[in-house]
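>>> from the sequence below, what's the structure:
(2 chains)
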Amino acid sequence: NAGVMQNPRHLVRRRGQEARLRCSPMKGHSHVYWYRQLPEEGLKFMVYLQKENIIDESGMPKERFSAEFPKEGPSILRIQQVVRGDSAAYFCASSPERGASYEQYFGPGTRLTVT
Amino acid sequence: QQPVQSPQAVILREGEDAVINCSSSKALYSVHWYRQKHGEAPVFLMILLKGGEQKGHEKISASFNEKKQQSSLYLTASQLSYSGTYFCGTFYNNNDMRFGAGTRLTVKP
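Okay, here's the model as predicted:
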C-alpha cells in the first residue's frame, strides 16, 4: 500500500513566482491536512480538506495561499507571489476518517526555497 | 492554541528512560504523538483518546490525564533508534491538530 506522496520533493522559486505543491493521500484516505515547518521548529497547521471541500483553513495566511482537493487528482497547495519568508518544508498528511480519533500519515514533504 | 512540551531537549545513554510531557490550557479531544528524524517526515506513534482508549505501538507507552489536560510519553530502555524530535499534537475540536514545539531526544551509546 503506497504511502502519502508529495511532489516535488524540492522546489526553488524566485521571489514573485508561484509555487504549486502536490499531495496524493494514501489509498482510501479522503482527508488531507497541510502543515508548514520552519527549520528547527514544530509543525504549524495550515488547512484541512476533504474531497472537494475545505473544512478548516484557519491556519492559512489570508493572502497568496490557497488549497484544493478535487474529486479527481491530488491535493494542491498553491502559493502565489512567493516571498523569502515562505521558505520552509511543507508536509501533507492523510487520514482515513475525520477527526481526533484517527492517526495521520505524513508524506515526505516538499522543501521550498525562495531565492 | 499550541500545546506546551517539556523538556525542550534531553540526552540519554542507551538503556536509560525518559518522559516527555505535553500540556494544554484547553480541553482536549485527543493527544497524538509523533517522532520525526532529521530531514524526514513525522511518524505516528500513538493516539490517546478521552475515556482512556489508546491506539499505537506496543513498545511505546503514554498517559493522558483529561482533568489536567496533560499527556506524557514514556520511553523506557532507550535505544539509539529512539533519537529524534518528538511532537505531541492535540485536537481541541474534531477538525484540526495543533502541534507542540517538539522535544529533541538524543540517545548516545
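
>>> which regions of chain B sit below the pLDDT cut-off?
B:58 (pLDDT under 70).

>>> and residue 7, what is it in contact with?
Defaulting to chain A. By C-beta atoms under 8 Å, 6 or more residues apart in numbering or on different chains, the contact set of A:N7 is A:R22, A:T110. Where C-beta positions appear, they are placed from N, C-alpha and C, glycine not excepted.

>>> wait, chain B
Counting by C-beta under 8 Å, 6+ apart, B:P7 has contacts B:I20, B:T103.

>>> one more pass at 6 Å, please.
Residues near B:P7 by C-beta atoms under 6 Å, 6 or more residues apart in numbering or on different chains: none.

>>> quick check: buried residues in stretch A:38-51?
Buried residues in stretch A:38-51, defined by neighbour count with 16 or more other C-beta atoms under 10 Å in any protein chain shown: A:G42, A:L43, A:F45, A:M46, A:V47, A:Y48, A:L49.

>>> could you do stretch B:42-50 as well?
B:P42, B:F44, B:L45, B:M46, B:I47, B:L48, B:L49.

>>> pretty sure the third one contacts B:I60?
Yes - assessed by C-beta atoms under 6 Å, B:L45 is found in contact with B:I60 at 5.2 Å.

>>> most centrally placed residue in chain A?
A:W34 (3.5 Å; C-alpha atoms, centre = their mean).

>>> so that one, which state does it fall into?
Recorded secondary structure, A:W34: strand (DSSP: H, G, I helix; E, B strand; the rest coil).

>>> that one contacts A:L77, doesn't it?
Yes - with contact defined as C-beta under 6 Å, A:W34 reaches A:L77; the gap is 5.3 Å.

>>> how many neighbours does the residue in chain A that chain B sits nearest to have?
Using C-beta to the nearest C-beta, the single residue of chain A nearest to chain B is A:A100, 3.6 Å away. A:A100 has 21 neighbours, counted by other C-beta atoms under 10 Å in any protein chain shown.

>>> then A:G16?
10.

>>> likewise for B:E14?
12.

>>> next one: it from B:T106, what distance?
As judged by C-beta to C-beta, to the nearest Å, B:E14 and B:T106 stand 11 Å apart.

>>> again with A:M5
Taking C-beta to C-beta, one finds A:M5 at 31 Å from B:T106.

>>> tell me which element the closest residue to B:S63 other than its chain neighbours falls in.
Once flanking residues are discounted, B:S63 sits nearest to B:S72: 5.1 Å by C-beta to C-beta, 6 or more residues apart in numbering or on different chains. Using DSSP states H and E, B:S72 falls within strand B:70-75.

>>> so the residue of chain A closest to chain B touches B:V31, yeah?
No - applying C-beta under 6 Å, one finds A:A100 not in contact with B:V31, separated by 9.1 Å.

>>> what about B:N93, neighbour count?
10.
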